[in-house]
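In: the following block contains a protein sequence and its predicted model.
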There are 2 protein chains.
Amino acid sequence: MKARIHVTLKPSVLDPQGQTIQRAVETLGFQGIEDLRQGKYFELTLADTLSAEQAQVMVREIAASVLANPVIEEFNVELE
Amino acid sequence: MKARIHVTLKPSVLDPQGQTIQRAVETLGFQGIEDLRQGKYFELTLADTLSAEQAQVMVREIAASVLANPVIEEFNVELE
């Protein structure tokens, strides 16, 4: 089973890294970008012995405790 | 229009950062993780004046030239 986790800054939190990338991209001549935000992405391969429910619970716990900082970030988990 | 870009290391490239995170997660007692790989994630908000084809071409160009290192990374673009 695969789990995909996206960790992004909360919409209310300023993203200076994303702004810097946006300016760099615009400097190169690309136009029409209204906003650019950067996040983190994790791909987990899970043992097949885990049920979908167990995997969902475990992966959410890992995301909340290790991968994301819940004060400023939010995360999203997809299993397949 | 929103564009989502995932940048990940090519499968043949070692991911020491992902391995370190995997070990940290296992140290905390989580079991059943066979592999963990880290990538980058970008969310772009594009001007509505761009057509879907223009956006697709531009975003792929941005990903290839700025966001990813094509020697060791691959990327994936989704528009919605």
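Out: Looks like it came in fine. Worth saying up front: this structure is predicted, and the values here are computed from it rather than measured. Residues are numbered from 1 along each chain as shown, chains lettered A, B, ... in the order given.
In: show me the strands in chain A, by range?
Out: Taking DSSP state E, the strands of chain A run over residues A:2-9, A:33-46, A:73-79.
In: want to throw these into CSV with distance to chain B?
Out: Placement of C-beta: from N, CA and C, glycine included. Below are those laid out as CSV (distance: least, CB to the nearest CB, whole Å):
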stretch, distance to chain B
strand A:2-9, 6
strand A:33-46, 4
strand A:73-79, 10
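In: I'd like these laid out as CSV, including mean neighbour count and mean pLDDT.
Out: As requested, the strands of chain A are arranged in CSV below (neighbours: other CB atoms under 10 Å in any protein chain shown; pLDDT from 0 to 100):
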stretch, mean neighbour count, mean pLDDT
strand A:2-9, 19, 96
strand A:33-46, 20, 96
strand A:73-79, 16, 96
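In: which one, of the ones you listed, ends up nearest to B:Leu46?
Out: Nearest of these to B:Leu46, taken as CB to CB: strand A:33-46 at 6.2 Å.
In: off-centre distance for that closest one?
Out: Computed by CA atoms, centre = their mean, to the nearest Å, the separation of strand A:33-46 from the middle of its chain amounts to 4 Å.
In: no more questions from me, cheers.
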